[in-house]
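> sequence-free structure coming up:
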């Protein structure tokens, strides 16, 4: 029985890992497809979206990008049902890698030497993180999740997140929202950590209903629908504040800062509810931190230096000047 359970855990982990990687590929590709559609629309002289234009809705390519994004998000949601959230969320960095490579191929955006280093670090960091990441969690069934949702530690985390977000909204948004990138992104990341937890609950309910053929299915439970409604509300709030941050600050800074804050809070939330780190060995925990740190550096590198024209020859030339 132990061996069968281990084989099931390994199979679930591999399915979740594959879906997480597939999700990043689709989401990263969707950005490029949408960008190509918008460039084509602008070339025709149509009103830009930032100026209130909606002509992009007539572009089949934009809808292809929208569909690709939907497939990626769906794969990401299903991945949460099979693999720990502490694994699925950090692998979202691969979408940045995919977007960087495809933009160089299809949008004629040059991937400079530093960007190529960022791509390499993204791959290395992902491999290290996957090797050392949590392979299983204490909650694998929706019935167990229902019990754990009432845990006082998790409820304290939810109350802390909501109180903190409310305080930031009332006190800090009006004063520092337009000058500090942390304000909007902190609300976005905090609510986003709850989004992941609720979405994982929805995914578990759907998986168990299909797998166990429960009567009635978990998807008819009021808890399932509460989690679904909370997921939608959290997603709306999360996207609202992310759009505010993107409207005010440079995307090159918003993307890496949001990735780090969001991932850290998701790992905390999922660790509290799903106990993903409880049975991990010390060297695996250290390996996860190293992998995440490399991913963090990779995301910052890919976004911060992507517009700088720099080649390996330039580095050689600079070093020769210093020597002379």
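Cool, got the structure. Nothing here was measured: the structure is a model prediction, and the numbers come from that model.

> can you pull the contacts of residue 255?
For residue 255, the contacting residues are 96, 299, 303, by Cβ atoms under 8 Å, 6 or more residues apart in numbering. From N, CA and C alone the C-beta is placed, and that goes for glycine too.

> Out of these, which one has the weakest pLDDT?
Among the contacts of residue 255, residue 303 carries the weakest pLDDT, at 77.

> so is it in a helix, a strand, or just coil?
The local conformation at residue 303, judged by DSSP: H, G, I helix; E, B strand; the rest coil, is helix.

> what about it, how many neighbours?
23 (other Cβ atoms under 10 Å).

> same check, this time on residue 164
Using other Cβ under 10 Å, residue 164 has 13 neighbouring residues.

> Next: residue 104.
The local packing of residue 104 (other Cβ under 10 Å) involves 18 other residues.

> How about it, nearest residue that isn't a chain neighbour?
The spatial neighbour of residue 104 that comes closest, neighbours along the chain excluded (Cβ to Cβ, 6 or more residues apart in numbering), is residue 111 at 4.0 Å.

> Tell me if I'm right that the one you found and residue 102 touch.
No. Proximity of residue 111 to residue 102 does not meet the contact threshold set by Cβ atoms under 8 Å, at 10.1 Å.

> So which of these two has more stuff around it?
Per other Cβ under 10 Å, whichever of residue 111 and residue 102 has more neighbours is residue 102, with 19 against 16.

> other SSEs contacting the host helix or strand of that one?
Per DSSP states H and E: residue 102 is located in helix 93-106. Applying 3 or more Cβ pairs under 8 Å, 6 or more residues apart in numbering; DSSP states H and E, one finds that helix 93-106 makes contact with helix 2-43, helix 113-132, helix 251-274, helix 282-304.

> Now residue 277: which helix or strand?
Residue 277 belongs to no helix or strand when assigned by DSSP H and E.

> related to what we said a few turns ago, now do the helix holding residue 102: everything it contacts.
21, 23-25, 27-29, 31-32, 35-36, 72, 109-111, 115, 118-119, 122-123, 125-126, 255, 259, 295, 298-299, 302-303, 306.

> still on that earlier bit, which one of the helices and strands packed on helix 93-106 lies nearest to residue 176?
Closest to residue 176 of those is helix 251-274 (Cβ to Cβ; 14.8 Å).

> Any buried residues in the closest one, and which?
254-267, 269-274 (16 or more other Cβ atoms under 10 Å).

> Same check on stretch 222-238?
224, 227, 228, 230, 231, 234, 235, 237, 238.

> any idea which helix or strand of the protein has the worst average confidence?
helix 312-323 (a mean of 55; mean pLDDT, DSSP states H and E).

> My guess is residue 291 contacts residue 123. True?
No. Look at residue 291 against residue 123 with Cβ under 8 Å: they stay out of range, at 11.1 Å.

> Among these two, which residue is more densely surrounded?
Using other Cβ under 10 Å, the more surrounded residue of residue 291 and residue 123 is residue 291, with 21 against 15.

> pLDDT below threshold where in the stretch 1-150 of the chain?
By pLDDT under 70, the low-scoring segments of the stretch 1-150 of the chain are 1-9, 42, 44-57, 136-140.

> before we move on, the earlier item: can you put the buried residues of stretch 222-238 in TSV and add distance to residue 10?
Below are the buried residues of stretch 222-238 laid out as TSV (distance: Cβ to Cβ, whole Å):
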residue	distance to residue 10
224	27
227	27
228	29
230	31
231	28
234	31
235	31
237	36
238	32
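
> just how off-centre is stretch 94-111 within its chain?
18 Å (Cα atoms, centre = their mean, to the nearest Å).

> And that stretch, what's buried?
For stretch 94-111, burial by neighbour count (16+ other Cβ under 10 Å) applies to 94-104, 109, 111.

> residue closest to the middle of this protein?
The residue lying closest to the centre of the chain (Cα atoms, centre = their mean) is residue 92, at 4.4 Å.

> surely that residue meets residue 259?
Yes. Using Cβ under 8 Å, residue 92 is in contact with residue 259, at 7.2 Å.
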